[in-house]
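1. Got a predicted model here, sequence first, then my questions.
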Amino acid sequence: MPPHGLVRLPIQALPTLRLQHLLSGIHEESSQPAAQACGRPTSITGYTEWTAAAGSPVTLGWDWEMQCELGQVLWRRVGLPFTNVLLVDRARQDIAWQQSLRRLADLVDAMAWAESTRAALCTRYAWSGCR
């Protein structure tokens, strides 16, 4: 294992990285008086964590937000991912941490992660609207 618990991954390996869902949850809403909350637009936020399907120690998680817009439910990543992965260039040199996170965020945005996350939340929280 590399120092500091990071898994160094060649940037050219990103397109071949296959992730599988591990865990998802919902963030607790901050308590607000009912009068302030009534009729306000709202969203549901949470987190999801994924691991490499090939059994490597790679983990990648991110916060998400679910909103209803024009009658459609939209899921989107919020902020940069959290991970134990540090990307390295072809010369095996570390890529700057923020740049590495932005590249991993691009990977997340290209994934079809919402349905797996939704299904896991339905199971975990026994949502009645999950049919």
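-> Alright, I've got the coordinates.
2. Helices of this structure, residue ranges please.
-> 34-37, 97-110, 114-125 (DSSP state H).
3. quick one: contacts of the second one?
-> Contact with helix 97-110 is made by 11, 14, 17, 60, 62, 77, 80-81, 83, 85-87, 94-95, as judged by CB atoms under 8 Å, 6 or more residues apart in numbering. Glycine gets a C-beta too; all of them are placed from N, C-alpha and C.
4. pLDDT (mean, whole number) over stretch 56-75?
-> Taken as a whole, stretch 56-75 has a mean pLDDT of 90.
5. tell me how far the ends of that stretch are from each other?
-> End-to-end distance of stretch 56-75 (CA to CA, to the nearest Å): 27 Å.
6. sorry, back to before: report the two of the contacts of helix 97-110 separated the most.
-> Maximum pairwise distance among the contacts of helix 97-110 (CB to CB): 23.7 Å, between Arg77 and Asp94.
7. returning to what we had before: neighbour count and distance to Thr42 added to the contacts of helix 97-110, as JSON lines?
-> Listed next are the contacts of helix 97-110 as JSON lines, based on neighbours: other CB atoms under 10 Å; distance: CB to CB, whole Å:
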{"residue": "Ile11", "neighbour count": "14", "distance to Thr42": "38"}
{"residue": "Leu14", "neighbour count": "15", "distance to Thr42": "35"}
{"residue": "Leu17", "neighbour count": "18", "distance to Thr42": "34"}
{"residue": "Leu60", "neighbour count": "22", "distance to Thr42": "27"}
{"residue": "Trp62", "neighbour count": "24", "distance to Thr42": "21"}
{"residue": "Arg77", "neighbour count": "17", "distance to Thr42": "19"}
{"residue": "Leu80", "neighbour count": "16", "distance to Thr42": "24"}
{"residue": "Pro81", "neighbour count": "22", "distance to Thr42": "24"}
{"residue": "Thr83", "neighbour count": "22", "distance to Thr42": "29"}
{"residue": "Val85", "neighbour count": "23", "distance to Thr42": "33"}
{"residue": "Leu86", "neighbour count": "18", "distance to Thr42": "36"}
{"residue": "Leu87", "neighbour count": "23", "distance to Thr42": "36"}
{"residue": "Asp94", "neighbour count": "14", "distance to Thr42": "41"}
{"residue": "Ile95", "neighbour count": "17", "distance to Thr42": "38"}
